[in-house]
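Student: quick check, what structure comes out for this input:
(2 chains)
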Amino acid sequence: MSDWEPKITAFLCNWCSYGAADLAGVSRLQYPPYFRVIRVPCSARISPKFILSAFRHGADGVWVSG
Amino acid sequence: MSGKPGNFSAEILKRPRFVDVEKCIACGACAEKCPKKVDDAYNQNLIKRKAIYVEYPQAVPLKYAIDKDHCIFFEKGKCRACEKFCPSKAINFDDKEEHLNLKVGAVILAPGFRAYNPAGDDTFKYGRLPNVVTSMEFERILSATGPSQGHIRRPSDQKSPKKIAWLQCVGSRDVHRAAHGYCSSVCCMYAVKEAVIAKEHAGGDLDCAIFYMDMRSHGKDFERYYNDAKEKHGIRFIRSRVPTIEPVDDTGDLILPHVNEAGEVEEERFDMVVLSVGMETTPEVARLARNLDIDLTEGRFCRTDTFHPVRSSRPGVFVCGAFQGTKDIPQSVIEASSAAAEAEVLLSAARNTETRRKKEILERREGNKTPRIGVFVCHCGINIGGVVDVPAVRDYAATLPFVEFVTDNLFTCSTDTQDTISRVIREKALNRIVVAACTPKTHEPLFQETLVSAGLNRYVFEMTNIRNQDSWVHKDAPDKATEKAKDLVRMAVAKAALMSPLEEAEVDVNRRAVVVGGGVSGMAASKALSGQGYQVTLVEREATLGGQALNLFRTWRGEDIQENLAAMVKSVESDPLIDVCLNTELGQVEGFVGNFKTTLTCKGQEHVVDHGVTILATGAKEFKPEEYLYGKDPRVVTHLELDRKFMNHDQGLKSVKAAVFIQCVGSREPQRPYCSRVCCTHAIESALYLKKINPDAEIFVLNREIRTYGEREYLYREARLAGIVFIRFSLETKPKVFVDGADLKVEVPDAALGHSVGIKADLLALATAIVPYKDEKLARFFKVPMNEDGFFVEAHAKLGPSEFASDGVFLCGMAHYPKPIDEALAQGQAAASRAVTLLSREKIRVSGTVAYVNPAVCSSCGVCVEVCPYSAPSFIEKGPFSGKAEINPVLCKGCGLCVSSCRSGALNLKGFEEGQIMAMINEV
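Tutor: Next up, the predicted model:
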């Protein structure tokens, strides 16, 4: 499993988690480059359809954060 | 500072930061190369920073500064590493101190506080025992951005502690040495919070104990938090003052001897001790106060009075925050707005005299044509370019559908690049723009302005983050980072292709305010508005103005309330801009921010008021208890009834031999689990007054905890010195009150004595709870929430205490939470100041990112109407789509909750359309 590179779709709330991801950058915290962020105005915007669609398009994981 | 209110001349010393803030892009290259390590004061010196630094990652502005006292170049004349490596040439070693001379009309002092330093106090051996830390240090230890990334480790050996003790009142409520006699107001709650978070971080096996004198959880929802800490989180609360901390050999562990409530000496061993340090005014601020010629209190806070809570002794100089007195965040935020209101009134004649207008550029109607996308990829010096292969990302972008133009820039945000982007948009007829650079949270507005200047709609723009969320966090994986950047650009382009121009709705603002409630808070709000030239309709359901203050005798500072209140009522009644409507209630409310239409009912007569904003100041009332023989024996009275006796100079009070006060009557009970905040101070002030008019009276205050926060603590001390006896009881050992023959008797178990104390009382004063009116009709009219106790719920517990989440509706006074006059008055001014942010505009323009309905698909289920916290959706009343939902774009905050909740797919969110998000998902 060690060389497995998962593909993760991340839905981040603009006001909290997206800002936190920015701060992680300012603090130069290092993490694996496997997720791709879709910025949403609020986690409330995330419809179950998005999560299913992400899996249908080959995501190994979906991360909803808000 | 010289001059008069409205026309001061202030001399300001501006220290050099040696970094040009216009040029600094906060890339951090300077700090990385700087060879000098310095104690990091923000992290309480637990770790090091560099001599060139930003104080903390969230700093605003996010710009570096050189610490001259530690910089090698300033010490030894050589180094200049930062200058060499700065990609934007922002370092300026020749930066000089500046003496600015400012012409200002008003001054607001908000210098804050510093934490008490316990190093000089032998009791705690702070500085000698490594595992004794201050609460400020512990905050950093708990923080994800702190020295241990939020893992709790004790300093001596970096082990995870299994037992932590907090010691309260370190430097506060202590008249010895360099400590302070006042209560710091915030330490109880932060200690509880630290203990709860520590347990959450550490998991189940961490034991937390808080040693305290009185647990002061007198803020909104604080008592519940305290109860949960005890009951749900298992935090131990031990009522005891710890006299010393003893080390256990070289283990790093610590022994805390203390006397328990039964009077026995106990010892307990802990791995770590946190000192809950209090607040104090710094000597620098005290010096500033001297320079400005403003009076300080005994505790070195800015002197104010109850009826002018943010005015210093010098006219035109206002104060807010911890320098006004120890306080927590919500109260500081309230005072900040209150001080702003005072300044606004003082300067209202000058409003809009120095505004500058932006040149408006006509928007080209290009948006709906076939997408022609321009992609700009930023190197950000070496910040992105040093990791991500920017030219490769650029070339990749050129292969994507609809992309007509690509380029890379050293700094996409620089002024000359803005000119380039603007020119390219026109030359290449671009109609969608993608920027791959830093973060939209800081730079989106800048690029949107560039679009606007090129005649494009600001919403045909998408920014993707290849710095903060890519190059900075994948430094060691440049190939993967480049791959990620390509993916992110592809996703952004896919979304951009589906974008269209959005419109920003505009509404006119009616300049009148309706204030509901004519107590001190509502009157303060009305005066703060009329003082700025706005018309106010002040609605009061009773026949007189004044509210609960009409029942109160004196403030804790000894000021006469009736005299001050009468002056306030008179100034409101004689104010030509305030239309006072007594005996009046609200019959109906229509409309929304900027355009409310309210029907007022007065003695059967109705009239309609058009207004732009509403302030709810409906107050609260005294709880009438059924216990302690209240209503059955004339000697048993409430605090307000006792105040009435004081005001009437009741001669009976002079013959009282023994008076008993019982606290928390109806407050802090299971059915009403909140603290009424004012009663402890009120009881003590009444007890002291009684002692003054009747020095022979024996006075007992039966309490569960005394909560005389801030400098009110002096009053508690004065009462004990005056011989007033304080006896504690608990919820389980409440006092018993009964009649024995002609005598009224009070019996209370005294834990310290180990048996019950019986008192024959001639007067029994009950500190009854403050209860809200729970006006559900009003809540419905303005679509504002109430909590389970019946108090209105503000927009944000800390940062938005005087406004509702719904636009245009504001909140103040006891309808928010029980509070004394000074705080109610400050919040009235605060609500007015918040309201003026709307009233001062002719039109309100709202974001284009709003939800919209396709009525043909809407099934009229009403879920959107139900779920929206801002009341933006409603049912259409007339026409072909009657019964279908519609969204008021003025109220919509664009969160998308209604959209994802809609079962029929009738709703969508502009700027974050379903198709756009799906397109991004496709491209991940």
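
Student: when you work out contacts or count neighbours from here on, use the C-alpha atoms and nothing else.
Tutor: Will do.

Student: quick one: which helix or strand includes the closest residue to B:C868 other than its chain neighbours?
Tutor: Leaving aside its chain neighbours, B:C868 sits nearest to B:C898 (6.3 Å; criterion: Cα to Cα, 6 or more residues apart in numbering or on different chains). Using DSSP states H and E, B:C898 falls within helix B:897-901.

Student: do A:L23 as well
Tutor: Per DSSP H and E: A:L23 is located in helix A:17-26.

Student: buried residues of stretch A:54-66, list them for me.
Tutor: If you call a residue buried by 16 or more other Cα atoms under 10 Å in any protein chain shown, then stretch A:54-66 has these buried ones: A:54-55, A:59, A:62, A:64-66.

Student: now the end-to-end length of it.
Tutor: 18 Å (Cα to Cα, to the nearest Å).

Student: hmm, who's touching that stretch?
Tutor: The contact list for stretch A:54-66, computed with Cα atoms under 8 Å, 6 or more residues apart in numbering or on different chains, reads A:6-13, A:15-17, A:42-43, A:51, B:921-922.

Student: what's the average pLDDT for that stretch?
Tutor: When pLDDT is averaged over stretch A:54-66, the result is 96.

Student: same question for stretch B:315-330.
Tutor: Per-residue scores along stretch B:315-330 average to 98.

Student: kindly report the same for stretch B:226-235.
Tutor: Taken as a whole, stretch B:226-235 has a mean pLDDT of 96.

Student: contacts for it next, please.
Tutor: Here stretch B:226-235 has contacts from B:189, B:192, B:195-196, B:199, B:207-210, B:217, B:236-237, using Cα under 8 Å, 6+ apart.

Student: farthest-separated two in the residues you listed?
Tutor: Distances among these were taken as Cα to Cα; the most separated pair is B:D207 and B:S217, at 21.4 Å.

Student: of these two, who's got more company?
Tutor: B:S217 (25 against 21; other Cα atoms under 10 Å in any protein chain shown).

Student: now the more buried one. Nearest residue, chain neighbours left out?
Tutor: What sits nearest to B:S217 in space, not counting adjacent residues and going by Cα to Cα, 6+ apart, is B:E223, at 5.3 Å.

Student: distance of the residue positioned nearest the centre of chain A from chain B?
Tutor: Geometric centre of chain A, nearest residue: A:A10, 1.6 Å, by Cα atoms, centre = their mean. Distance from A:A10 to chain B, counting by Cα to the nearest Cα, to the nearest Å: 10 Å.

Student: check for me that B:S667 belongs to a helix.
Tutor: No - under DSSP: H, G, I helix; E, B strand; the rest coil, B:S667 sits outside any helix and is assigned coil.

Student: quick check: it vs chain A, distance?
Tutor: According to Cα to the nearest Cα, B:S667 and chain A sit 36 Å apart.

Student: check what contacts the lowest-mean-pLDDT helix or strand in chain A and list those residues.
Tutor: The weakest-scoring helix or strand in chain A, judged by mean pLDDT, DSSP states H and E, is helix A:17-26 (a mean of 92). With contacts defined as Cα under 8 Å, 6+ apart, helix A:17-26 is touched by A:12, A:30, A:39, A:65-66, B:57-58, B:439, B:441, B:467-470, B:472-473.

Student: dump it to CSV, restricted to CA.
Tutor: Only the C-alpha atoms of helix A:17-26 are listed here, as CSV (Å, rounded to 0.1, in the frame of the first residue of the first chain):
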residue,chain,number,x,y,z
SER,A,17,-11.5,24.8,5.8
TYR,A,18,-10.3,26.6,2.7
GLY,A,19,-8.8,29.3,4.9
ALA,A,20,-7.3,26.6,7.1
ALA,A,21,-5.7,25.0,4.0
ASP,A,22,-4.2,28.4,3.2
LEU,A,23,-2.9,28.7,6.7
ALA,A,24,-1.3,25.3,6.4
GLY,A,25,0.6,26.8,3.5
VAL,A,26,1.6,29.9,5.3
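
Student: what are the buried residues along that helix?
Tutor: Using 16+ other Cα under 10 Å as the burial criterion, the residues of helix A:17-26 that qualify are A:17-19, A:21-26.

Student: need those in TSV (columns: distance to B:S348).
Tutor: Converted to TSV, the buried residues of helix A:17-26 look like this (distance: Cα to Cα, whole Å):
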residue	distance to B:S348
A:S17	40
A:Y18	40
A:G19	37
A:A21	42
A:D22	40
A:L23	40
A:A24	43
A:G25	44
A:V26	41
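
Student: distance from the least confident helix or strand of chain A to the middle of the chain?
Tutor: 12 Å (Cα atoms, centre = their mean, to the nearest Å).

Student: check which element follows it along the chain.
Tutor: Once helix A:17-26 ends, the next helix or strand along the chain (criterion: DSSP H and E) is strand A:35-40.

Student: chain A contacts on chain B?
Tutor: Proximity of chain B to chain A, by Cα under 8 Å from any Cα of the partner chain, involves residues B:57-58, B:145, B:439, B:441, B:467-470, B:472-475, B:477, B:480-481, B:484, B:487-488, B:894-897, B:899-901, B:912, B:917-918, B:920-922, B:924.

Student: let's see it at 6 Å
Tutor: Residues of chain B that fall close to chain A, judged by Cα under 6 Å from any Cα of the partner chain: B:468-469, B:472-474, B:895-897, B:900, B:921.

Student: residue in the stretch 601-750 of chain B nearest to chain A?
Tutor: Residue nearest to chain A within the stretch 601-750 of chain B (Cα to the nearest Cα): B:V613, separated by 26.7 Å.

Student: tell me how far that residue lies from B:E540.
Tutor: B:V613 sits 17 Å away from B:E540, going by Cα to Cα.

Student: show me how far the one helix or strand B:V377 maps to is from its chain's centre.
Tutor: According to DSSP H and E, B:V377 maps onto strand B:373-378. Between the centre of strand B:373-378 and the centre of its chain there are 39 Å (Cα atoms, centre = their mean).

Student: listing partners with orientation, what would you give for it?
Tutor: According to DSSP bridges, strand B:373-378 has the following sheet partners: strand B:403-409 (parallel), strand B:432-437 (parallel).

Student: out of these, which is the most enclosed?
Tutor: Most buried of the strands paired with strand B:373-378, by mean neighbour count (mean count of other Cα atoms under 10 Å in any protein chain shown): strand B:432-437, with a mean of 28.

Student: can you list the residues that contact that one?
Tutor: Outside strand B:432-437, the residues that touch it by Cα atoms under 6 Å, 6 or more residues apart in numbering or on different chains are B:373-378, B:460-467.

Student: which among these gets closest to chain A?
Tutor: Of the contacts of strand B:432-437, the one sitting nearest to chain A (Cα to the nearest Cα) turns out to be B:R467, at 7.5 Å.

Student: just to check, that closest one is in contact with B:C438?
Tutor: Yes - contact criterion Cα atoms under 6 Å: B:R467 and B:C438 qualify, at 4.8 Å.

Student: B:D250: neighbouring residues, count only.
Tutor: Look at B:D250: counted by other Cα under 10 Å, it has 8 neighbours.

Student: if I look at it, how far off is B:G517?
Tutor: 64 Å.

Student: residues making contact with stretch B:209-222?
Tutor: Under the contact criterion Cα under 6 Å, 6+ apart, stretch B:209-222 has outside partners B:165-168, B:188, B:223, B:235-240, B:675, B:677, B:705, B:707.

Student: farthest residue from the center of chain B?
Tutor: B:G741 (54.2 Å).

Student: who's in contact with that residue?
Tutor: Residues near B:G741 by Cα under 6 Å, 6+ apart: none.

Student: again, but for the one 4 residues further on
Tutor: By Cα under 6 Å, 6+ apart, the residues touching B:K745 are B:737-739, B:759-761.
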